[in-house]
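Engineer: only geometry, no sequence info:
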Ligand code: ZN
Ligand code: ZN
């Protein structure tokens, strides 16, 4: 039940921008929004939670999820009934919320119906930002047909992607996804791991097609996120005005220069590569796809630590599929090899908010922001492991003023 006003008392606030703790404060929440943060007393509310000095931080953001990917096998997924996919997605979404994620950005597959179901409380989950179908060229990362298959790709039931070719079709595809409520546009601008016929090194879409997607997104006051692995594909995308690079394991210094120059974002998804390497085969990944994983894991560690050192805006993302969703928080552990806890926390809060064009609304505890809050029995600034063990440390999850977990 959602109280209209709620006070969190005696909170040690984690300031995500400064990377420190500000204590002790009372947070007043009204109609889902943080209305007051004070050191003294405030007027009474419908409900008061005394958090007794525990750390309160903004809910986490994951910038790269696929909530419909209940299996790692996309060719199987497209044969499933839409209602069955929705039910399985509901379970994935609630798992994310119970790990402390209050906003996720779906990079292919989720739609208006799922986002609305979460918003209206029919499904339990984080706030869901979606792109609808990811836009792919024929034979691209969103084309699920194997080399022996000749069926026509269908845009209404093609799973995570839709196949378009040429500038007019790209425009039509983008406009149609935006019509259906997409918060941003996702394009497949290079080969990938989980697609049957392309190679990692491929560039995908002509630059005219990418520019058309960027123009359509900007016309709708939003932006384009691009799936890319190599420097060659990433640099083309950035030159055309793409805002976020997804994965980027094989980028180099020329890409990092462009990321900095264009103030673009990098969303590494290291946990999925690690999980696919360990568990992909038993989760339905084919032998061919499994081989591609090896190409990217080692390179990812080198390039992402380099990008982080040079000050690229890095955002937390995971891209997990099937049963591997349970590894969502391992992204923190993997990246802690080259990022401090404060940097990791920023990547999953304020920097994500900036990428999502939601600054001031999520990612920090300030008056006027959504009351998306998690309560931790430990300080993740001194030990990032506190975020990785929700059963032990995560004591409450509040999304837009509503309490979804409380073990205080
Ligand atoms: Zn991708
Ligand atoms: Zn993805």
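Structural biologist: Done, it's in. Computed from a predicted model, the values in this text were never measured in an experiment. Ligands and ions are numbered 1, 2, ... in the order given.
Engineer: every contact and neighbour count from this point should use C-alpha atoms.
Structural biologist: OK.
Engineer: now the element after the worst-scoring helix or strand of the chain on mean pLDDT, going C-ward?
Structural biologist: Every helix and strand in the chain was compared by mean pLDDT, DSSP states H and E; the lowest is helix 74-77, with a mean of 83. Downstream of helix 74-77, the next assigned helix or strand under DSSP states H and E is helix 82-98.
Engineer: in that next one, which residues are buried?
Structural biologist: Buried residues in helix 82-98, counted by 16 or more other Cα atoms under 10 Å: 85-86, 88-98.
Engineer: mean confidence for it?
Structural biologist: For helix 82-98, mean pLDDT is 97.
Engineer: what is it packed up against?
Structural biologist: With contacts taken as 3 or more Cα pairs under 8 Å, 6 or more residues apart in numbering; DSSP states H and E, helix 82-98 sits against no other helix or strand.
Engineer: what lines up beside the next helix or strand after that helix in the sheet?
Structural biologist: Sequence-wise, the next helix or strand downstream of helix 82-98 (DSSP H and E) is strand 101-106. Strand 101-106 pairs in its sheet with strand 60-65 (parallel), strand 127-130 (parallel), by DSSP bridges.
Engineer: re earlier: could you give me the buried positions within the least confident helix or strand of the chain?
Structural biologist: 74-75, 77.
Engineer: wait, residue 25 sits on residue 11?
Structural biologist: Yes: counting by Cα atoms under 8 Å, residue 25 does reach residue 11; the two are 5.1 Å apart.
Engineer: could you pull out the helices in the chain for me?
Structural biologist: Assigned by DSSP state H, the helices in the chain fall at 74-77, 82-98, 112-119, 167-179, 207-219, 231-239, 253-262, 270-279, 287-309, 330-335, 341-347, 350-355, 385-388, 390-393.
Engineer: I'd like the average pLDDT over the third one.
Structural biologist: Helix 112-119 comes out with an average pLDDT of 98.
Engineer: again, but for the longest one
Structural biologist: Across helix 287-309, the average pLDDT comes to 88.
Engineer: how far off centre is it?
Structural biologist: Helix 287-309 has its C-alpha centroid displaced from the chain centroid by 19 Å (Cα atoms, centre = their mean, to the nearest Å).
Engineer: next: the third one.
Structural biologist: Per Cα atoms, centre = their mean, the displacement of helix 112-119 from the mean C-alpha position of its chain is 16 Å.
Engineer: residue 25 and residue 11: who's more crowded?
Structural biologist: More crowded of residue 25 and residue 11, by other Cα atoms under 10 Å: residue 11, with 24 against 20.
Engineer: wait, that one touches residue 48, no?
Structural biologist: No: using Cα under 8 Å, residue 11 is not in contact with residue 48; the gap is 12.0 Å.
Engineer: show the contacting residues for the nearest residue to residue 104 once chain neighbours are set aside.
Structural biologist: Spatially, and ignoring its direct neighbours in sequence, residue 104 is nearest to residue 62 (4.8 Å; Cα to Cα, 6 or more residues apart in numbering). By Cα atoms under 8 Å, 6 or more residues apart in numbering, residue 62 lies in contact with 101, 103-105, 316-318, 348, 352.
Engineer: quick one, which of those residues are buried?
Structural biologist: Among those, those classed as buried by neighbour count (16+ other Cα under 10 Å) are 101, 103-105, 316-318, 348, 352.
Engineer: please tabulate these in JSON lines, including the columns pLDDT and distance to residue 226.
Structural biologist: What follows is the buried ones among the contacts of residue 62, written out as JSON lines (pLDDT from 0 to 100; distance: Cα to Cα, whole Å):
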{"residue": "101", "pLDDT": "98", "distance to residue 226": "23"}
{"residue": "103", "pLDDT": "98", "distance to residue 226": "20"}
{"residue": "104", "pLDDT": "98", "distance to residue 226": "17"}
{"residue": "105", "pLDDT": "98", "distance to residue 226": "13"}
{"residue": "316", "pLDDT": "98", "distance to residue 226": "15"}
{"residue": "317", "pLDDT": "98", "distance to residue 226": "13"}
{"residue": "318", "pLDDT": "97", "distance to residue 226": "15"}
{"residue": "348", "pLDDT": "98", "distance to residue 226": "19"}
{"residue": "352", "pLDDT": "98", "distance to residue 226": "16"}
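Engineer: closest to residue 292 among those residues?
Structural biologist: Nearest to residue 292, judged by Cα to Cα, of the buried ones among the contacts of residue 62 is residue 318 at 17.4 Å.
Engineer: return the residues in contact with that closest one.
Structural biologist: 62-65, 268-272, 328, 331.
Engineer: pLDDT at the closest residue in space to it that isn't next to it in sequence, what is it?
Structural biologist: Among residues not flanking residue 318 along the chain, residue 269 sits closest, at 4.5 Å (Cα to Cα, 6+ apart). pLDDT, residue 269: 95.
Engineer: share the number of residues neighbouring residue 269, please.
Structural biologist: Other residues near residue 269 come to 27 when the count uses other Cα under 10 Å.
Engineer: sorry, back to before: which of the buried residues of helix 74-77 sits closest to residue 226?
Structural biologist: residue 74 (19.1 Å).
Engineer: dump the helices of the chain to a markdown table, plus distance to residue 126.
Structural biologist: Formatted as a markdown table, the helices of the chain follow (distance: least, Cα to Cα, whole Å):
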| stretch | distance to residue 126 |
| --- | --- |
| helix 74-77 | 22 |
| helix 82-98 | 5 |
| helix 112-119 | 7 |
| helix 167-179 | 21 |
| helix 207-219 | 24 |
| helix 231-239 | 29 |
| helix 253-262 | 29 |
| helix 270-279 | 19 |
| helix 287-309 | 27 |
| helix 330-335 | 18 |
| helix 341-347 | 17 |
| helix 350-355 | 14 |
| helix 385-388 | 16 |
| helix 390-393 | 16 |
